[in-house]
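**Q** let's see this in three dimensions:
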Amino acid sequence: MSGQGREHRSEERARSGAPRGSEQETSSGSATGPAPPGGTGRTTSARETQPERTVLSWQRTGLGVLALAGLLARAAVTDGAPVRLAVAGGVALLGLGVLGGLAPLRAQRVRRALDHGTAVAEARLALAVTAVVVAVAGAALVAVLSPR
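**A** Numbers count the residues shown, from 1 in each chain. Below you'll find the model as predicted:
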């Protein structure tokens, strides 16, 4: 195989986001996409699975915030601290906002952008989720460090 052919496939792999060495070569030396686990069957590119992984990561963030709210609520009930329980409720609302509001909105926008072939970046949604995570981390820090 010529060096130019390898270089062209490397550029394609970099644009698609596929990991290095994930291409399957045919007997003619051309890449057919990522190699499937069993060596046969339909191949999927990293470009096809990336939006799904992104949606799942947004859902994991929401679930993580809800889990932290549960831990804060348990500690508040155990210690008999109504203010901490209110903070846990606020954290739970933020988690529900991410899981039930921002994550589905992000999924819808990603699907729409891919259907139209446009950019997927949503800086405002990412900033909103970052603000939620920072606020929840601050609440957890205060809950952990406050005297009992």
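
**Q** poorly predicted segments of the chain, please.
**A** 1-48, 148 (pLDDT under 70).

**Q** again, only using 50
**A** Applying pLDDT under 50 to the chain picks out residues 6, 10, 13, 18, 20-31.

**Q** quick one, helices of it?
**A** 3-16, 46-79, 82-97, 103-116, 123-145 (DSSP state H).

**Q** can you list the residues that contact the third one?
**A** Applying CB atoms under 8 Å, 6 or more residues apart in numbering, the external contacts of helix 82-97 come out as 62-66, 68-70, 72-73, 75-77, 132, 135-136, 139-140, 142-143, 146. From N, CA and C alone the C-beta is placed, and that goes for glycine too.

**Q** from the residues you listed, which would you call buried?
**A** Buried residues within those, defined by neighbour count using 16 or more other CB atoms under 10 Å: 62, 65-66, 68-69, 72-73, 75-76, 132, 136, 139-140, 143.

**Q** and which of those residues is nearest residue 121?
**A** Checking the buried ones among the contacts of helix 82-97 against residue 121 by CB to CB gives residue 132 as the nearest, at 18.7 Å.

**Q** contacts only, for the closest one.
**A** Contacts of residue 132 by CB under 8 Å, 6+ apart are 61, 65, 94, 95, 97, 98, 102.

**Q** per-domain residue ranges of this structure.
**A** 3-34, 47-145 (automatic domain parsing).

**Q** most packed of those domains?
**A** Most buried of the domains of the chain by mean neighbour count (mean count of other CB atoms under 10 Å) is domain 47-145; its value is a mean of 15.

**Q** can you tell me which residues contact residue 128?
**A** Residue 128 makes contacts with residue 102, as judged by CB under 8 Å, 6+ apart.

**Q** same question for residue 69.
**A** Residue 69 neighbours (CB under 8 Å, 6+ apart): 88, 89, 91, 92, 94, 95, 136.
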